[in-house]
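Student: Got a predicted structure here, sequence first:
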Amino acid sequence: MSAAEDSLDAVLLPIDSAQVLLPAAALIEILPYAPTLALENAPPWLVGTLLWGATTAPLVSLDALFTGVSPRTIAHRRIVLLQAPTAHPRLHYFGVLAIAPPEPISVSRDALAQDKRIHDLPLGALCRVRWVEGERSALIPDLHALERMLLKILRH
């Protein structure tokens, strides 16, 4: 296996409560915050929908999903537009709020270790990982579960 095959291309997304590790291939665009259209009866983590090109995309606060606390202010955030994992006909993209632009990183598979504390994973997180070098850690969101939750909400 070559060194390139042994590393993962990802982005490290800073949110208030944690760092989030996402596959680089899922990232579509980084946008400045723009007002969104609120959705009736939406959970606090679903900020609203935004117009992107000829489509609308739901905007998610991973902080609110992970902590259960609604974001106090979102005006100075970035919107990171992601491709939905299954490209469902009703949900091609969704945005997530970040406190700064994501940092592109390449992580060696050997240096990445799953944190065994699965009992304290927040709702919406697949696992917590850490890098052996640098003492960095991040949450990996369960993008498939998030997609299912969004589709269920958007059906109503």
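Tutor: Here it is on my side, so go on. Numbering: from 1, shown residues only.
Student: so where's the chain uncertain?
Tutor: Scanning the chain for pLDDT under 70 picks out the ranges 1-5, 114-119, 132-134, 156.
Student: Next up, the contacts around the residue nearest in space to the middle of it.
Tutor: With distances taken as Cα atoms, centre = their mean, V96 lies nearest the centre of the chain, 5.4 Å away. Contact analysis of V96 by Cβ atoms under 8 Å, 6 or more residues apart in numbering lists 13, 20, 59-62, 79-80, 82. From N, CA and C alone the C-beta is placed, and that goes for glycine too.
Student: Give me the distance between the two termini of stretch 39-51.
Tutor: In stretch 39-51, first residue to last residue: 13 Å (Cα to Cα, to the nearest Å).
Student: Show me what counts as buried in it.
Tutor: 39, 42, 45-50 (16 or more other Cβ atoms under 10 Å).
Student: Would you check how far apart L112 and A34 are?
Tutor: Per Cβ to Cβ, to the nearest Å, L112 is found 34 Å from A34.
Student: who has more neighbours, the two?
Tutor: Higher neighbour count among L112 and A34: L112, with 16 against 12, using other Cβ atoms under 10 Å.
Student: Leaving out sequence neighbours, find the closest residue to that one.
Tutor: V129 (5.5 Å; Cβ to Cβ, 6 or more residues apart in numbering).
Student: Just the CA trace of the strand or helix carrying the one you found, in PDB.
Tutor: Using DSSP states H and E, V129 falls within strand 125-131. This file holds the C-alpha atoms of strand 125-131, laid out as PDB (Å, rounded to 0.1, in the frame of the first residue of the first chain):
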ATOM      1  CA  ALA A 125     -22.000  11.100  16.300                       C
ATOM      2  CA  LEU A 126     -20.800   7.900  14.800                       C
ATOM      3  CA  CYS A 127     -17.500   7.800  16.800                       C
ATOM      4  CA  ARG A 128     -14.800   9.900  18.400                       C
ATOM      5  CA  VAL A 129     -11.300   9.600  17.000                       C
ATOM      6  CA  ARG A 130      -7.900  10.900  18.000                       C
ATOM      7  CA  TRP A 131      -4.600  11.200  16.300                       C
END
